[in-house]
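A.B. asks: The following comprises the amino acid sequence and a computationally predicted model.
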Amino acid sequence: MLSFGIIRNLIFGPRSSFPDTVRDANEELPEKGLTMGTLIIGRPGTGKTSSLARHLVDYFETFKDRAIFVLDWSGSISESILTLIQQKAEGIREGLEERLVYDELGHPDLVIPLPEFSEDYGTSYEEQVQRVTQNLEKLEPELIERTPVVGGIGIKHVTPHLLRLISAIRNETGDTWQVTEVKKLLIETNELNMALNEFGKYVPGAKFHLEHEYKNLKPHEQLLRRHAITSVLSPIEPEVIRARLGYIRPGWTPREAIEKNQLVLIDGSRLINQRKIQHYLFTQAYSLIMADINKRKPGNPKDNPVSLVMDEVYSLLSIKGMAEEVGMLAPLYRSRKLHLYIVLQALAQLAPELREQIWSIGNLMCFAVSNFDEAYEISQQLFKYHPKIEKLPRTSDIGHPIIEPDRGQYLSIANQIQRFGHRECIVRRFLDEKSLDKYVRYIPQTKENPTTNLKESVSELKERLLVERGVRVQDALKVINNRTLKRNKPLQY
């Protein structure tokens, strides 16, 4: 006689040793459940990057009307995604490559410009000023907290007025001054006076503050404010970063990527040893993407889902101000059709604020975890306690079995998680926003990526994509260094 258990095993495979779990050969996540957010965790070398890269490429190929943004700290997932695309059949590969944007932060020769201020972003200049100011506050919370009078006032009150003035300065071609010119206005008094005289009328609030409050400070107080502002802007000083942030127009925008259904790869591997610069650039890119998502009306059926992948991006996951915001994305942005993916090696990479919120993310893919305490915490989140599981059977007809307590059950599960093999994982998934899969999926081994030959190397593809949208660093710097107020003419705003 066939029982439900036998039928279930025929369909899903036999149960694993985990409770409430079925064995599965497919680790894929249902598309309708992606708005619940996805957390992927596992130590290096477990196969999590390969699995996610395959998922994203398959999704990108299937849904030709959707955009994906990948913030890649180490460059590994960008490498995997580009490799998988290169292995596609010729007609498919070409179609995917047409929708690709590759942005390599810190490239010594080619830069994909991403200035802080541009009409191409589709937001007002005041919104852009607020965005940049908020980013600076989040990146330097300690400076603001330790020195509220100097650092706090300098960053929170003086900086936005300087940025308003900067965004109002344009030449005959509409070239807007950028954050790269803030230091010039702070240090060269004549430049600041000229800017206020010629362009202050377009931003009267900023003109009043800078003329009647900032300039009337005692010299040493002005110096302290100036030091606080230049300190927080120190990451933009290297030439390749000035070229990126100071050029006249962006090489890509979130608005364009969403309209054209593009996959944008932002590779930060060149800046791994320059953390402050990497933090600034990833925070900027993230804020630009979210500014576009924030313009969406909740529940608008005309909006297509947008995916945002954060692969070990420490600037967004470990810095207090950014982590608080990231923690709210999955539960609050479902109505705006945001598919959030967070990739970690360990929970310890999270700021305490995000650590408390991370379990609000619905989908979880767990590979081998090094830290036993974290494996235990994950086991508690994934599995419910079964009060009837026996630790030891009864020893006589009149005796009673010894029941495994909750700690014992979770210790056993944590031991298994910690000792997973390569590409072995468990998956909790939502079938849609309202339906959690009844079973946790146990995957003995995730799918293997193809090993077919590539038409061109990944490094050649990267270079080709950079050339399509990039500007030579020296050419960008020439434009920036030639900016002067003397050649500018007031425009109609």
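C.D. replies: Arrived safely, thanks for sending.
A.B. asks: Can you pull the poorly scored residue ranges out of the stretch 351-493 of the chain?
C.D. replies: Scanning the stretch 351-493 of the chain for pLDDT under 70 picks out 385-407, 486-493.
A.B. asks: Measure how buried residue 230 is and give me the count.
C.D. replies: Neighbour count for residue 230, taken as other C-beta atoms under 10 Å: 15. The way it works is simple: take the backbone N, C-alpha and C, and place the C-beta from them, glycine included.
A.B. asks: mind listing what it touches?
C.D. replies: 183, 186 (C-beta atoms under 8 Å, 6 or more residues apart in numbering).
A.B. asks: for the one 4 residues further on, same thing?
C.D. replies: Contacts for residue 234 were tallied using C-beta under 8 Å, 6+ apart; they are residue 276.
A.B. asks: centroid residue for this protein?
C.D. replies: residue 310 (3.8 Å; C-alpha atoms, centre = their mean).
A.B. asks: Now do the contacts for that residue.
C.D. replies: 71, 286, 316-317, 326, 340-343.
A.B. asks: got it, and residue 362?
C.D. replies: 33, 36-38, 330, 428-430, 436.
A.B. asks: Can you get me a residue count around the residue lying closest to it once chain neighbours are set aside?
C.D. replies: Residue nearest to residue 362 in three dimensions, not counting chain neighbours: residue 36, with 2.8 Å by C-beta to C-beta, 6 or more residues apart in numbering. Using other C-beta under 10 Å, the number of residues around residue 36 comes to 24.
A.B. asks: try residue 31
C.D. replies: 15.
A.B. asks: Phi, psi for it please.
C.D. replies: phi -60, psi -40 (degrees, to the nearest 10).
A.B. asks: Look up the pLDDT of it for me, please.
C.D. replies: We note a pLDDT of 95 for residue 31 in this prediction.
A.B. asks: Please apply the same query to residue 331.
C.D. replies: Value listed for residue 331 in the pLDDT field: 79.
A.B. asks: thought it was touching residue 340?
C.D. replies: No: the pair residue 331 and residue 340 does not pass the contact test of C-beta atoms under 8 Å, sitting 9.9 Å apart.
A.B. asks: Quick check on these two: which one has the bigger neighbour count.
C.D. replies: For residue 331 versus residue 340, the count of surrounding residues by other C-beta under 10 Å is larger for residue 340: 24 against 14.
A.B. asks: Let me know whether that one touches residue 332 as I believe.
C.D. replies: No: with contact defined as C-beta under 8 Å, residue 340 does not count as touching residue 332 (10.3 Å).
A.B. asks: just checking, what packs against the longest helix along the chain?
C.D. replies: Criterion DSSP state H: the longest helix present in the chain is helix 275-294. Applying 3 or more C-beta pairs under 8 Å, 6 or more residues apart in numbering; DSSP states H and E, one finds that helix 275-294 contacts strand 67-72, helix 125-139, helix 239-246, helix 254-259, strand 306-311, helix 314-317.
A.B. asks: Pull the distance from stretch 462-471 to the chain's centre.
C.D. replies: 22 Å (C-alpha atoms, centre = their mean, to the nearest Å).
A.B. asks: Show me which residues of that stretch are buried.
C.D. replies: By neighbour count on 16 or more other C-beta atoms under 10 Å, the buried set for stretch 462-471 is 462-463, 465-466, 469-471.
A.B. asks: circling back: the longest helix of the chain - what's its average pLDDT?
C.D. replies: 95.
A.B. asks: what does stretch 170-183 give?
C.D. replies: Per-residue pLDDT over stretch 170-183 has a mean of 85.
A.B. asks: what comes up buried for the longest helix of the chain?
C.D. replies: 277-293.
A.B. asks: Could the C-alpha coordinates of that helix be exported in CSV?
C.D. replies: The C-alpha trace of helix 275-294 is given here as CSV (Å, rounded to 0.1, in the frame of the first residue of the first chain):
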residue,chain,number,x,y,z
ARG,A,275,38.5,50.6,2.0
LYS,A,276,37.4,54.2,2.5
ILE,A,277,37.4,54.8,-1.3
GLN,A,278,35.5,51.5,-1.9
HIS,A,279,33.0,52.4,0.9
TYR,A,280,32.4,55.8,-0.8
LEU,A,281,31.9,54.5,-4.3
PHE,A,282,29.6,51.6,-3.3
THR,A,283,27.6,53.8,-1.0
GLN,A,284,27.2,56.3,-3.9
ALA,A,285,26.1,53.6,-6.4
TYR,A,286,23.7,52.1,-3.9
SER,A,287,22.1,55.4,-3.1
LEU,A,288,21.6,56.2,-6.8
ILE,A,289,19.9,52.9,-7.4
MET,A,290,17.6,53.3,-4.4
ALA,A,291,16.8,56.9,-5.4
ASP,A,292,15.3,55.5,-8.5
ILE,A,293,13.5,52.7,-6.7
ASN,A,294,12.1,55.2,-4.2
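A.B. asks: quick one, strands of the stretch 351-493 of the chain?
C.D. replies: Applying DSSP state E, counting those that start in this stretch to the stretch 351-493 of the chain gives strands spanning 363-366, 390-392, 402-403, 425-428, 440-443, 471-472.
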